Structures are given as C-alpha cells and as structure tokens.
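Colleague: When you get a sec, could you give me coordinates for this:
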Amino acid sequence: MLNATDEGLKNTAMEWICLSLTAELWLARTSSSPAESIKLYTERILNNSLLHNTITPFDYINLADCYSSEENNDEEHRTIDLGLNQFKDNPELLFRKSLVLPYGSKEKMDILQKLLSIEHKYRPINFDYGIVYNNIAWDYCCQQLYNDGLSYALKAVKKNPEHSSSWETLGEIYFNLEKYQDCVSAMTKCISCDGANMSTLKSAYLFRGKSLIELGKKKDGKADLKKASPL
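Modeller: Okay, the predicted model is just below:
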C-alpha cells in the first residue's frame, strides 16, 4: 500500500511525464523539420493515452502536411483517415482529405458537397468556402461538364475576388462554353491577381490568347500565346 509520501511522488512523476509529453506535442506542431514532427507524432504522441484529450484534428492535418512534404502520399492519406476515425465528419479534416483525392472521384465530390451543406453553420479555420466552390467547379471542368461547373465558378470568384486560380477556372469554363469575351475578362482578372503561380499564368495567357483569336483579334491573341510559351 502506498503511503502519502509515495502517492505524492507518484503524482509528481505523472505531472512531469505529462509536461514532457505536452512539450513534445508543441515541438511536433511547431518544428520546421517534417521528419522530426513525423517521428514525434508517430513514436511519442498519437498513441499515448495521456495525451488523448489534447490531440486535435489539426495535429492530424499537421502530420499529413509533414508526410506531404516528404512526398509520402500513402501515409498522408492514412493519417487523414485516422483523424476522421477519431473526429468523425470534422470539416477541417474533410477538406484536407478532399485535397488528396483525385479530381473526378465520387468521394471527392461527395466531401466537397458535404462541406457546402454546412456553409451557414460552420466557420472554417484552415480553408474557406470560396476554395470549396472553386474545387467543385474545377472537378466539373476536368469532367468536361462545363455548364455544371459554371455556377460554382461564379460563386468562387464572388467569394474570393483576388484568388487567381478561381478566375482561371472560370475563364477555362467560359472558353469551353465558347463565351470568348467572358473568358478574356476572367483571364485578365486572373493575370492581375497577386500571387498567381506560373502554371496559372500560363493557362490564363493561353486561353485569353485563344479567345482573342476567336474574337478576330489575332495580333493581341498571338501576343498572349507568346507570353504563355516560356511559362
């Protein structure tokens, strides 16, 4: 039987263990080394019952991001599924899972639509609904279902008017619907947005150039195609 002194020492030891584990948890969350974070999460944290009530959905997202940095797609996907097993239908985890699923998959579209169903109930932390609308629009675009994607693309740019990729999605949909002037307008806005990456700019100049040629503005169109070429 433990006496009062022994019991006090036991409690003190447990407190130190908990403090040590909590420190490791914060190190895993903040480390600049994906490999170090992965090691801490997998060897010391996720399977530790003392931290059960401390682990959050964002720890699974952080670990998945680390695996993504290491280009370990299988573990990235598995980690998100583990998080969803613990935090069923958590919107942050659902959105993160949608990112690892291929466009055109039923599961991806189901998740994105599920997120839209709670748009007026849940305020996101790591994503926004404009991106959800854009990803649905792009999914339809990949399937060549341009009319189905148009309304989502329009909602995406309304919610995120400075998001270049959303304007690029809208412009590509307009082009494939043969709405060339609308495509020119959308791609012009895309090009003017801050933060557009090379791939987005290349697509914007390419589709704007093709649209300008369709509109009879061959000189301007060829100039855009020339700008797209080296990107």
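
Colleague: any low-confidence regions in this structure?
Modeller: Regions of the chain meeting the criterion pLDDT under 70 cover residues 1-21.

Colleague: As a check, name the ranges of all helices in it.
Modeller: 4-30, 34-40, 57-69, 73-86, 91-100, 106-117, 129-142, 146-159, 164-176, 180-192, 198-214, 218-228 (DSSP state H).

Colleague: Need the winner for burial among those.
Modeller: Sort the helices of the chain by mean neighbour count, taking mean count of other CB atoms under 10 Å, and helix 164-176 sits at the top with a mean of 26. From N, CA and C alone the C-beta is placed, and that goes for glycine too.

Colleague: Return the distance of that one from the chain's centre.
Modeller: The chain centroid and the centroid of helix 164-176 are separated by 19 Å under CA atoms, centre = their mean, to the nearest Å.

Colleague: Using PDB, write out every CA atom in it.
Modeller: The C-alpha trace of helix 164-176 is given here as PDB (Å, rounded to 0.1, in the frame of the first residue of the first chain):
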ATOM      1  CA  SER A 164      -6.200  33.800 -59.300                       C
ATOM      2  CA  SER A 165      -6.900  30.100 -59.600                       C
ATOM      3  CA  SER A 166     -10.700  30.700 -59.200                       C
ATOM      4  CA  TRP A 167     -10.600  33.200 -62.100                       C
ATOM      5  CA  GLU A 168      -8.600  30.800 -64.200                       C
ATOM      6  CA  THR A 169     -11.200  28.100 -63.600                       C
ATOM      7  CA  LEU A 170     -14.000  30.400 -64.600                       C
ATOM      8  CA  GLY A 171     -12.100  31.500 -67.700                       C
ATOM      9  CA  GLU A 172     -11.400  28.000 -68.800                       C
ATOM     10  CA  ILE A 173     -15.100  27.100 -68.300                       C
ATOM     11  CA  TYR A 174     -16.100  30.200 -70.400                       C
ATOM     12  CA  PHE A 175     -13.700  29.200 -73.100                       C
ATOM     13  CA  ASN A 176     -15.100  25.700 -73.400                       C
END
